[in-house]
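Colleague: Generate coordinates for the sequence data below:
(4 chains)
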2 protein chains.
Amino acid sequence: MAERLTDRELGAWRGFLRAHANLWRELEGSLAARHGLSLNAYDVLVLLDEAPAGTMRMSELAGAVLMTSGGFTRLADRLERAGLIRRERCAADARGFDVSLTERGRSLLEDARATHRADVRRRFLEHLSPEEQAALAAIWERILEPAVDPAASRGRRRGRDTTAINRGEVA
Amino acid sequence: MAERLTDRELGAWRGFLRAHANLWRELEGSLAARHGLSLNAYDVLVLLDEAPAGTMRMSELAGAVLMTSGGFTRLADRLERAGLIRRERCAADARGFDVSLTERGRSLLEDARATHRADVRRRFLEHLSPEEQAALAAIWERILEPAVDPAASRGRRRGRDTTAINRGEVA
DNA sequence: CGCATCTGTCTGCGCAGGCAAGTATAGTGA
DNA sequence: TCACTATACTTGCCTGCGCAGACAGATGCG
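Modeller: As a prediction, the model looks like this:
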């Protein structure tokens, strides 16, 4: 069996998992309580707000928030029902949709952003020196590189767009 | 509205989220494909294996993997059905259960551990110098402190055991 | 143009897990 | 001893999302 992890390794790894779980819960709770948004929903609004043309395609958004297209369809349904986004048949490709923010979406985002930024600062950024922030950013980049690189090791097959996660017998 | 986040801040924060999402997916996929275990299920087995008396109570386990007791009941159901753990009425307190690993559970864990350790090293630890690992561990501790401290600011009520997350109108 | 294939999205289904309410057992104060 | 309340789980219900399969529209090739 592979070597046991050292305490240092465990601290880095388990802390990472715990920190994420706690922050996610807190920030999502805060956003949900104050604005009725999940973190994924919030992210979609932010992406649309930042999109150069003010619109993105369903699949782009799905990819950006790391959801499958099926799952994202339903998130988009909810956001649309809530009047925060708009889906318009794409002129150039009638299979797809151009998604954009409604006025209501933009103004809700405005409010939610204030909440969320404050939360992120208070629970994350304020605990880090500028140097640590920079170091973290660099670390994430290193770690993400192999995951993001579209054709990393020569000949590596790109499966379907998401990794099949669970064929498990147990859980 | 609160100040925009700097690029440095965004890099640290968004990278954290993305790195977690990617690693979680990959490691869970790997564990599921090879051993039929979710990360939470794996964690439960590890906890039991590390438990001094070889047993833990349902609620302890639930807390340790950050699940509600209701959710954990069902994870325990699955693990028990799969023959990996055993639930025995606790002698000292007939409301509770002592959960322990079965032989099958221990041996599956043995295998899964090899897979998981290799994955964690390859996708996380190997990208970090020892100093970075130590720095990360310290950072997580700082960040987790306020979340973990049972009576942080004097007089802060401890709500029910998990934060209500979603009463959201949207998602 | 006609046909095969590929792509972008939607839908049916299943599962994990949260919340709230329900059921035992413990503990506590009168 | 007898309420009353607190604790340890369990269960019903619901939501979010992944997967697989079904489409319509796009694209390529004869």
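
Colleague: From now on I want contacts and neighbour counts done on CA atoms only, so please keep to that.
Modeller: OK.

Colleague: Provide a list of residues in contact with the residue nearest the centre of chain A.
Modeller: Centroid-nearest residue in chain A, with C-alpha atoms, centre = their mean: A:Val65, separated by 3.8 Å. Contacts here follow C-alpha atoms under 8 Å, 6 or more residues apart in numbering or on different chains; on that basis A:Val65 touches A:Asn40, A:Asp43, A:Val44.

Colleague: Out of those, which comes closest to chain B?
Modeller: Chain B has its nearest neighbour among the contacts of A:Val65 in A:Asn40, at 8.1 Å by C-alpha to the nearest C-alpha.

Colleague: So which elements touch the helix or strand where that closest one lies?
Modeller: Following DSSP states H and E, one finds A:Asn40 within helix A:39-50. On a contact count with 3 or more C-alpha pairs under 8 Å, 6 or more residues apart in numbering or on different chains; DSSP states H and E, helix A:39-50 meets helix A:7-35, strand A:97-101, helix A:103-123.

Colleague: Now it: average pLDDT?
Modeller: Helix A:39-50 comes out with an average pLDDT of 97.

Colleague: ok, and does that helix reach over to DNA strand C?
Modeller: No: remark: helix A:39-50 sits outside contact range of DNA strand C, by C-alpha under 7 Å from any atom of the strand, the gap being at least 13.8 Å.

Colleague: Could you list every helix and strand in contact with the helix or strand following that helix?
Modeller: Counting by DSSP H and E, the element after helix A:39-50 in chain order, helix or strand, is strand A:55-57. Secondary structure elements in contact with strand A:55-57, counted by 3+ C-alpha pairs under 8 Å, 6+ apart, are strand A:97-101.

Colleague: Now the strand it packs on: average pLDDT?
Modeller: 98.

Colleague: Tabulate the CA atom coordinates of that strand in PDB.
Modeller: Taking C-alpha atoms only, strand A:97-101 is exported to PDB below (Å, rounded to 0.1, in the frame of the first residue of the first chain):
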ATOM      1  CA  PHE A  97     -29.900  29.700 -27.000                       C
ATOM      2  CA  ASP A  98     -28.400  33.000 -26.100                       C
ATOM      3  CA  VAL A  99     -28.800  33.600 -22.400                       C
ATOM      4  CA  SER A 100     -28.800  37.100 -20.900                       C
ATOM      5  CA  LEU A 101     -29.600  38.900 -17.700                       C
END
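
Colleague: so what does that strand touch, helix or strand wise?
Modeller: On a contact count with 3+ C-alpha pairs under 8 Å, 6+ apart, strand A:97-101 meets helix A:39-50, strand A:55-57, helix A:58-64, strand A:85-89.

Colleague: Need the residues that contact the first one.
Modeller: If you take C-alpha under 8 Å, 6+ apart as the criterion, helix A:39-50 is touched by A:27-28, A:31, A:54-56, A:61, A:65, A:75, A:79, A:99-101, A:105-106, A:109, A:112, B:170-171.

Colleague: which of the residues you listed are buried?
Modeller: With burial judged by 16 or more other C-alpha atoms under 10 Å in any protein chain shown, the buried subset of the contacts of helix A:39-50 is A:27-28, A:31, A:55-56, A:61, A:65, A:75, A:79, A:99-101, A:105-106, A:109, A:112, B:170-171.

Colleague: lowest average confidence, helix or strand, in chain A?
Modeller: helix A:130-148 (a mean of 90; mean pLDDT, DSSP states H and E).

Colleague: Identify the residues contacting that helix?
Modeller: Everything outside helix A:130-148 that qualifies as a contact, by C-alpha under 8 Å, 6+ apart, is A:125, A:152, B:8-9, B:11-13, B:15-16, B:18-19, B:22, B:123-124, B:127-128.

Colleague: Enumerate the positions of it that are buried.
Modeller: Quick answer for helix A:130-148 (16+ other C-alpha under 10 Å): A:132-144.

Colleague: Could you identify the most distant pair in those residues?
Modeller: A:Glu132 and A:Leu144 (18.0 Å; C-alpha to C-alpha).

Colleague: count of neighbours near A:Ile85?
Modeller: 24 (other C-alpha atoms under 10 Å in any protein chain shown).

Colleague: No further questions, thank you.
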